[in-house]
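*Asks:* predicted model follows, preceded by the sequence.
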Amino acid sequence: MFTSSQKILVKYCVTVDDKVVETNHDSAPLELILGQRTFPEVVHRELLHLQIGERKRMTLEPQLAYGHRMAEKIVEVPKPGIPGEDSLKVDDYLNLENKRSREILHAKIIEVKDETLVLDLNHPLAGKTVQFDVQRVDYDEWS
């Protein structure tokens with residue numbers, strides 16, 4: 001059994017429609033702190049049960065991966081106050097802080113108007129079936 005004072009080291013590859021979206025197979029393992037959800041919850045749970053060196057491949061439908069796309073996550077916001085507002089363009093990404101929850105929101109600009117921006121707050125992989133290939137490499141106690 002693992003505690004929240006541990007981290008596991010993982011190698012992973014994320015694909016959608018047989019195209020690699022993200023991988024660390026050619027770099028250092030990801031340090032995944034137990035209890036944080038870097039990946040969808042079901043992947044996190046599977047990683048906790050893998051032995052060191054063990055590998056798992058899984059295909060997740062949208063509801064288990066990053067959710068379905070939601071129209072209410074398309075929002076229009078005023079440009080003033082957004083850093084670099086004059087140089088922003090469609091397909092740029094912004095990191096915005098939710099003032100209530102202090103959560104960082106990743107937003108894709110989908111339209112630039114004179115005084116406002118139209119942002120998509122859906123996860124980039126929302127609505128997609130996602131394949132995860134994960135391998136547990138090691139685990140460590142925090143010092």
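*Replies:* Done, it's in.

*Asks:* quick one: list the elements packing against whichever strand or helix holds residue 118.
*Replies:* Assigning secondary structure by DSSP states H and E places residue 118 in strand 116-120. If contacts are counted by 3 or more CB pairs under 8 Å, 6 or more residues apart in numbering; DSSP states H and E, strand 116-120 sits against strand 74-78, strand 104-112. C-betas here are computed from N, CA, C, even on glycine.

*Asks:* out of the ones you listed, flag the one nearest residue 135.
*Replies:* Within these, the stretch nearest residue 135 is strand 104-112; the backing value is 26.3 Å (CB to CB).

*Asks:* mind listing what's buried along stretch 15-35?
*Replies:* By neighbour count on 16 or more other CB atoms under 10 Å, the buried set for stretch 15-35 is 15, 29, 30, 32.

*Asks:* and those residues, which is closest to residue 42?
*Replies:* Of all the buried residues of stretch 15-35, the one sitting nearest residue 42 is residue 32; the distance, using CB to CB, is 14.2 Å.

*Asks:* now do the SS call for residue 22.
*Replies:* When classified by DSSP: H, G, I helix; E, B strand; the rest coil, residue 22 comes out as strand.

*Asks:* low-confidence ranges, the chain, go.
*Replies:* In the predicted model of the chain, residues 1-6, 34-35, 37, 139-143 satisfy pLDDT under 70.

*Asks:* mind checking how far stretch 94-111 is from the chain centre?
*Replies:* 13 Å (CA atoms, centre = their mean, to the nearest Å).

*Asks:* how far does it stretch from start to finish?
*Replies:* With CA to CA, to the nearest Å applied, stretch 94-111 spans 13 Å between its terminal residues.

*Asks:* before we move on, back to that, in a markdown table: the buried residues of stretch 15-35, plus distance to residue 80.
*Replies:* Conversion of the buried residues of stretch 15-35 to a markdown table gives the following (distance: CB to CB, whole Å):
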| residue | distance to residue 80 |
| --- | --- |
| 15 | 40 |
| 29 | 43 |
| 30 | 38 |
| 32 | 39 |
